[in-house]
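> Curious how this folds, go ahead:
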Amino acid sequence: MSTAEKTLILLKPDAVRRGLIGEILSRYEGKGLTVVAMKMVQGATELADAHYAEHVEKDFYPPLREFITSGPLVAAVLAGESVVEVVRSMNGATNAIEAAPGTIRGDLAASKRENLVHGSDSAASAEREIGIWFPELNT
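Model (predicted):
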């Protein structure tokens, strides 16, 4: 599977708190994606700041940082054909209120901030984000 495209997903603290880890992961696996690496992280302030580096100085970042570090989250690397595009489609619109039924956010979330999941928005972002959360993978 080493030639397959990879992406980073984060199951945010609201997903963990609500006991949705298994359900969300099973959706990705059911689509044929493979979990290459996974870990639960608590209080990931430095990782969050690196992950959202382009937003750290923006007004909306402090509440986002508070949320993303409010409890444990699950970081995972998924692999598969067109995985970035597949995951983004499966996740649904960032604002869960606007997310289509059948998507993770459309079925399971109800807000813009607490929207359960993050997925890299491009192959370049995936490489950068995987390097932050999984430096041992040397993507």
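
> For residue 9, list the residues it contacts.
28, 75-78, 87, 117-120 (C-beta atoms under 8 Å, 6 or more residues apart in numbering). (Glycine included, C-beta is placed from N, CA and C.)

> do the same with residue 87
Residues counted as contacts of residue 87 (C-beta under 8 Å, 6+ apart) are 7, 9, 28, 33, 78, 119-120.

> Out of the residues you listed, name the ones that lie in strands.
7, 9, 78, 119 (DSSP state E).

> Can you pick out the most distant pair from these?
78 and 119 (8.5 Å; C-beta to C-beta).

> Looking at the two, which one has more neighbours?
Neighbours were counted for residue 78 and for residue 119 using other C-beta atoms under 10 Å; residue 78 has more, 27 against 23.

> Skip the chain neighbours and tell me the closest residue to that one.
Once flanking residues are discounted, residue 78 sits nearest to residue 33: 4.6 Å by C-beta to C-beta, 6 or more residues apart in numbering.

> next one: stretch 30-40 to chain centre, how far?
Taking the mean of its C-alpha atoms, stretch 30-40 sits 11 Å from the chain's own mean (C-alpha atoms, centre = their mean, to the nearest Å).

> buried set for that stretch?
Buried residues in stretch 30-40, counting neighbours by 16 or more other C-beta atoms under 10 Å, are found at 33, 36-37.

> and which of these is nearest to residue 51?
The closest of those to residue 51 turns out to be residue 37 (C-beta to C-beta; 15.7 Å).

> ok, that closest one - contacts?
For residue 37, the contact set (C-beta under 8 Å, 6+ apart) comprises 76-77, 134, 137.

> Can you pull the phi/psi pair for it?
Here is the backbone geometry of residue 37 (degrees, to the nearest 10): phi -150, psi 150.
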